[in-house]
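In: here's my sequence, what's the structure:
(4 chains)
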4 protein chains.
Amino acid sequence: MSAQSTLKVGIVGLGRLGRRHAENLLRRVSGAVLVAACSPVEAELTWAKETLGINDLYEDYEALLAHEGLDAVFLVTPTSLHPHQIIQALKAGKHVFCEKPLSLDLNDCRRVSAEAALHPQLKVMIGFVRRFDASYQAAYQKIQSGSIGQPFMVYSQTCDQLDPDGFFVKFAPTSGGIFLDCSVHDIDLARWLLGNPKPVRVFASGTIAVHQDLQSCADVDNGVAICEFENGRIATFYASRTMPHGHETVTEVTGTAGRLTVGRNARQNRLEIADARGIRNECTPTFFERFEDAFLTEAAYFVDAIRNNTPLSLTLDDATEATRIGIAMRESLLSKLPVML
Amino acid sequence: MSAQSTLKVGIVGLGRLGRRHAENLLRRVSGAVLVAACSPVEAELTWAKETLGINDLYEDYEALLAHEGLDAVFLVTPTSLHPHQIIQALKAGKHVFCEKPLSLDLNDCRRVSAEAALHPQLKVMIGFVRRFDASYQAAYQKIQSGSIGQPFMVYSQTCDQLDPDGFFVKFAPTSGGIFLDCSVHDIDLARWLLGNPKPVRVFASGTIAVHQDLQSCADVDNGVAICEFENGRIATFYASRTMPHGHETVTEVTGTAGRLTVGRNARQNRLEIADARGIRNECTPTFFERFEDAFLTEAAYFVDAIRNNTPLSLTLDDATEATRIGIAMRESLLSKLPVML
Amino acid sequence: MSAQSTLKVGIVGLGRLGRRHAENLLRRVSGAVLVAACSPVEAELTWAKETLGINDLYEDYEALLAHEGLDAVFLVTPTSLHPHQIIQALKAGKHVFCEKPLSLDLNDCRRVSAEAALHPQLKVMIGFVRRFDASYQAAYQKIQSGSIGQPFMVYSQTCDQLDPDGFFVKFAPTSGGIFLDCSVHDIDLARWLLGNPKPVRVFASGTIAVHQDLQSCADVDNGVAICEFENGRIATFYASRTMPHGHETVTEVTGTAGRLTVGRNARQNRLEIADARGIRNECTPTFFERFEDAFLTEAAYFVDAIRNNTPLSLTLDDATEATRIGIAMRESLLSKLPVML
Amino acid sequence: MSAQSTLKVGIVGLGRLGRRHAENLLRRVSGAVLVAACSPVEAELTWAKETLGINDLYEDYEALLAHEGLDAVFLVTPTSLHPHQIIQALKAGKHVFCEKPLSLDLNDCRRVSAEAALHPQLKVMIGFVRRFDASYQAAYQKIQSGSIGQPFMVYSQTCDQLDPDGFFVKFAPTSGGIFLDCSVHDIDLARWLLGNPKPVRVFASGTIAVHQDLQSCADVDNGVAICEFENGRIATFYASRTMPHGHETVTEVTGTAGRLTVGRNARQNRLEIADARGIRNECTPTFFERFEDAFLTEAAYFVDAIRNNTPLSLTLDDATEATRIGIAMRESLLSKLPVML
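Out: Residues are numbered from 1 along each chain as shown, chains lettered A, B, ... in the order given. Below you'll find the predicted structure:
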């Protein structure tokens, strides 16, 4: 499509994150316009109509794909639906943005890639939103410019604030486990920041510190893992559902001449409070507040890539690789053995 | 106007800050639409046409005010024009947002207030943007909720990064001097955070550390001041044009039970760099990066207040008072005596 | 004296700070030995005997000075006694270390200097302990090496933790007021770090935030001041008795090429605590914890200077100048006028 | 021995760390006196004589042990000598302080323990100095008081500054490898802070980022490891010889209600520097500067325990366990398999 024309986008799924994407697409992403919404949940469609003023509403995904003039879809749906929905969209000639992870199943990842290969004119991007965060972008640029010499070691964590009600537990059985749900972001970051080295082997461990109900689905609420890559690159991961103070995503990249750290101290803003307990800052409660701007940058990047027909730096292979490593971690957690990749 | 209708806005002045406001109004402020632009500079109008797609362009301010259906103007013009342009807009029945400061002349401030009093249905707000920054908002809420007991002391600084070329020096003669140009923000913050106490007396001092050319207009590039308010409230101010590391706006409010600090360490993002020189973060180069989000929040607040006809928390009296205190500081700097208010 | 011989020291005054000095001198200061103690308070002498094992105990200062072989005295006595006690010690041929401030009276300062001039072979040093703190030393070295270009602006604060019982209030009448008691340290630091410029003028203000009893002695519990020095150097001071979180001594020096800050965030140690309230560190409760190491370094410096007969970098003139500026601040606070120096 | 009597100590080994201990024992440890020194290196004995004034100097360890009235020895000797020297001292009736690690050989550890069991009246302590650091002590106290709920996860790193000359490489073959040389500290901290849980299994990995010569002794310059303990406790370790910015020891303990972090940002002092590169602090170059105070506290603790005959909280079993886990990590690094404990 020409850079002059505006991209017509349909949103699929209007849960909390879907609504965020919809609001961004409605007004804030230059070159795109939200023209339609799809959800099996009536209340979500009502919200789209009343809050966003979207009139073209669909309960059925295929009907959305048939919407006159639609250029692209944003899939913010359950992970199990991703592969089929992406393939349907591609067959219908639509560009696809899909929330992470691509899939919990490696064959599904490959089927999506195979289909995408048949449509080289269509863009497909999985939403590894952290790559679009300003601090991660700055880190990436510094690595590219040689500031830290040769990067060889990554530590990356995704730690969510403790929800005493354990709301997430009911989604645990379909989440793929903590590594595929949380660490998949860190895996993608590690690969990206280390220059996409081939993974060789993973080892994982974990524990249930709070949410005992996770036992029934063989999941943990705190997991650690080591991933060895070729050429002596190593990444260590930590994922937690039980942080006391907020959502804290941290990534540290060590090179031969310097070290970069993103996100230590998940400060919510620029306010410091001194009182009888010391000096403190409050923290971002969830990834929503932490990556608010990045969701917008991500959507703008995707839209620009379509309008200018430029290649995406974040590919389906990246998403597949993240799933592949995440699966290996889960296997290692269960088998108690290192898993070769 | 009804909350349902969209506010039609015209922008006046398309310098760096004017363009920021224009871009926000064009797409990002819910309930507003940018319909027209006015500038005596042809290149600025060309930019509005080509980049924003605005077709209704005016070289003449009165012509803009006559634009069919215009509801409000955003004045991002030289300070000397503010009073007359605000008064013209009010007479034409338009709401007015105007960049700070209201004026460098106290009589002009009062004339604007008098005119505004004749149009109670119209909103006028001066852009003390820091009030709309998330960190300052959080500080204000904590004070309101009693977290720090009774606030009695403020330290507030506006420090700009050193520009070795001294570009700002050519604007110094019309800027009103460092206190009216920079500290006026801090004065407004101090009044707001201390609960709008009456000022009693100011004392100021200053020095030229770098830009010797400022001598010709009796200005300084580093200034300090103390302002005493009623009931023993005190504020200390620092303004600088010569910071080595970036723009650093800091405000500290001390109360009987706690202290709040906004903005210490003007970190640009969440990245920390460790290398042979230690551990460091980079800093926000200018107020643009520091208050990027606040400019948007400010515009949204103003638009919402008009659409819902709710009173503004930031009044013309606030703006007048900031100018009054800033003028007294300049007098003290020159006379070397405390100035009563 | 020869560098080989050990300095025999007598301590005078065994309050909290005197005991600290005594313990340092007893064992930890190389080249010195504590041989005698003097106090009018019996319990203090008992402590010296039982805890330190000092057997030569004096109620009378002159008797101490007559102690066989005594080389030096450490005066940790009420300020009002300093001048006479220093002069007596000099007349008796003893080196003198005396706690700050030298005196609250400028004539007394000068009398001490005059006496000291008669004994060029004796060392007299007033205990401006902060100069000996590792962080302040590092700042001084960086300034000397040109790291921040030409320093021209200092902000320095001495803020004590709030004692709800207001124990200090009973000493307020003889303390000289908040500027001579607290800011005298900051004044000394500002002079030192700015290269000892001549002071020109001061202006001060203050308020009683908590301790209303201070009204009776015309003192305040929070004070601010500006001191102008020659060549456009400026220092701003803040002293407080009411900090919620601990003792926080901060000094900021701004130069044409960099800025140094010592002591922001009075962190007690290297521990950070994350909990439901955010991320925090605890703070040093008093100057004792903050300057624990510096008291030792200070004593060692003084002892070495005597043993090696090297000139002191911290002179009686420095101490006199700090008192002179502090007195001017108090005058300004009372007269509400700038005071010329 | 009675609490009144002073402990007579002999130091063995006067390398960099030995000299530190000797200087502390000479003057700064209450209740102890350094009476003799032993070293096979003549220059070290000369230093002890000239700098410390110690006259009883021994080239031979057995001769030192025969020194009249000697109560205790401080062993700061090569690790390979530790077991035999400890056993000799015990047989000679001396208390023993010995630098970490106890030994690189598990049988040797056990032989020492067996010998010590025969001398219950003698104290033996291995110098895991970090336990005596004020920040680690504060962390331990907070855990004991329940501040973070139930601790279950530790991350601990020992990262040394890069020495481009690779001086350490020549000691690598006898160091036991990076895990026994560096991580042994972190292992001890993890056990201590988690409440001494039984280790179950370790997995380790590593890479050579800079010092290729380490290949010849099957060592790495960057290593990571996971240790699983009983009851779902987990510790992750990182050791590095190649940090760009200084020595950075960090330990993070996560519990069900809070998280404690010691040592993030290895700031050297309280000075912050702002310049054109941002805002930074310098870092502690080596563990000497980082743990300077802790070496003194450690010695004082050991001396007090002997004089008061109180049990040591840091036992030979602790030291043995740290070696046992460290050996397992090295095995895992080499075998590429998890190692059961």
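
In: CA only for contacts and neighbour counts going forward, please
Out: OK.

In: residues touching the residue most central in space within chain A, list them.
Out: In chain A, the residue lying closest to the centroid (C-alpha atoms, centre = their mean) is A:Phe128, at 3.4 Å. Contact analysis of A:Phe128 by C-alpha atoms under 8 Å, 6 or more residues apart in numbering or on different chains lists A:Glu99, A:Lys100, A:His185, A:Asp188.

In: closest one of those residues to D:Ser147?
Out: A:His185 (31.0 Å; C-alpha to C-alpha).

In: give me the number of residues near the closest one?
Out: Counted by other C-alpha atoms under 10 Å in any protein chain shown, the residues lying close to A:His185 total 26.

In: any idea which of the contacts of A:Phe128 is closest to C:Tyr61?
Out: Distances from C:Tyr61 to these, taken by C-alpha to C-alpha, are shortest for A:His185, at 73.2 Å.

In: so which strand or helix has the residue nearest to A:Gly258 when sequence neighbours are not counted?
Out: In space, and not counting its chain neighbours, A:Gly258 is closest to A:Ile148: 4.0 Å by C-alpha to C-alpha, 6 or more residues apart in numbering or on different chains. Using DSSP states H and E, A:Ile148 maps to neither a helix nor a strand.

In: thought A:Ile148 was touching A:Leu194?
Out: No - the pair A:Ile148 / A:Leu194 is not scored as a contact, 11.5 Å apart, by C-alpha atoms under 8 Å.

In: next, the contact list for the residue of the stretch 51-200 of chain A found nearest chain B, please.
Out: Nearest residue of the stretch 51-200 of chain A to chain B (C-alpha to the nearest C-alpha) works out as A:Ser135 at 5.4 Å. The contact partners of A:Ser135, by C-alpha under 8 Å, 6+ apart, come to A:Val262, B:Asn269, B:Arg270, B:Leu271.

In: got the contact list for the closest residue in space to the last one that isn't next to it in sequence?
Out: In this structure, B:Leu271 finds its nearest non-sequential neighbour in A:Val262, 4.6 Å apart by C-alpha to C-alpha, 6+ apart. A:Val262 makes contact with A:Ser135, A:Tyr136, A:Ala139, A:Val250, A:Thr251, A:Glu252, B:Arg270, B:Leu271, B:Glu272 under the criterion C-alpha under 8 Å, 6+ apart.

In: my guess is A:Phe203 contacts A:Ala235. True?
Out: No - the criterion here is C-alpha under 8 Å, and A:Phe203 misses it with A:Ala235 at 10.7 Å.

In: list the residues that contact both of these two?
Out: With contacts taken as C-alpha under 8 Å, 6+ apart, A:Phe203 and A:Ala235 have A:Ile226, A:Cys227 as neighbours in common.

In: on that earlier part again, among the contacts of A:Val262, which lie within strands?
Out: Residues of those located in strands (DSSP state E): A:Val250, A:Thr251, A:Glu252, B:Leu271, B:Glu272.

In: from those, pick the one nearest chain D.
Out: Distances from chain D to the ones in strands among the contacts of A:Val262, taken by C-alpha to the nearest C-alpha, are shortest for B:Glu272, at 9.4 Å.

In: so the closest one bridges to which residues?
Out: A:Thr261 (DSSP bridges).

In: look up phi and psi at A:Asn308.
Out: Main-chain torsions, A:Asn308, degrees, to the nearest 10: phi -100, psi 0.

In: among the contacts of A:Ser135, who's most crowded?
Out: B:Leu271 (23 neighbours).

In: what about A:Phe171, which SS state?
Out: helix (DSSP: H, G, I helix; E, B strand; the rest coil).

In: tell me the confidence at it?
Out: Note for A:Phe171: predicted pLDDT of 88.

In: before we move on, the earlier item: neighbours around the residue nearest to A:Gly258, how many?
Out: Using other C-alpha under 10 Å: A:Ile148 sits among 22 other residues.

In: so what's it up against?
Out: A:Lys142, A:Thr254, A:Gly255, A:Thr256, A:Ala257, A:Gly258, A:Arg259, A:Leu260, B:Asp275 are the contacts of A:Ile148 under C-alpha under 8 Å, 6+ apart.

In: phi first, then psi, for the fifth one.
Out: When quoted as degrees, to the nearest 10, the phi and psi of A:Ala257 stand at phi -130, psi 10.

In: do you know how far it is from chain D?
Out: Applying C-alpha to the nearest C-alpha, to the nearest Å, the value for A:Ala257 to chain D is 6 Å.

In: what does the third one give?
Out: When C-alpha to the nearest C-alpha is the yardstick, A:Gly255 and chain D sit 8 Å from each other.

In: list the contacts for that residue?
Out: A:Ile148, A:Gly149, A:Gln150, A:Pro151, A:Phe152, A:Met153.

In: now with 10 Å, please.
Out: Contacts for A:Gly255 (C-alpha atoms under 10 Å, 6 or more residues apart in numbering or on different chains) come out as A:143, A:146-154, A:194, B:275, D:209-210, D:242-244.

In: any of these buried? List them.
Out: A:143, A:147-154, A:194, B:275, D:209-210, D:242-244 (16 or more other C-alpha atoms under 10 Å in any protein chain shown).

In: contacting residues around A:Leu106?
Out: Going by C-alpha under 10 Å, 6+ apart, A:Leu106 touches A:Val112, A:Thr320, A:Glu321, A:Thr323, A:Arg324, A:Ile327.

In: measure the residue nearest to B:Leu271 to B:Val35 for me?
Out: Separation of A:Val262 from B:Val35 (C-alpha to C-alpha, to the nearest Å) stands at 41 Å.

In: over to A:Lys198?
Out: Distance of A:Lys198 to B:Val35, computed by C-alpha to C-alpha: 53 Å.

In: same check, this time on A:Thr158
Out: Separation of A:Thr158 from B:Val35 (C-alpha to C-alpha): 45 Å.

In: how about A:Trp47?
Out: Counting by C-alpha to C-alpha - A:Trp47 and B:Val35 are separated by 28 Å.

In: now A:His82
Out: In terms of C-alpha to C-alpha, A:His82 sits 41 Å off from B:Val35.
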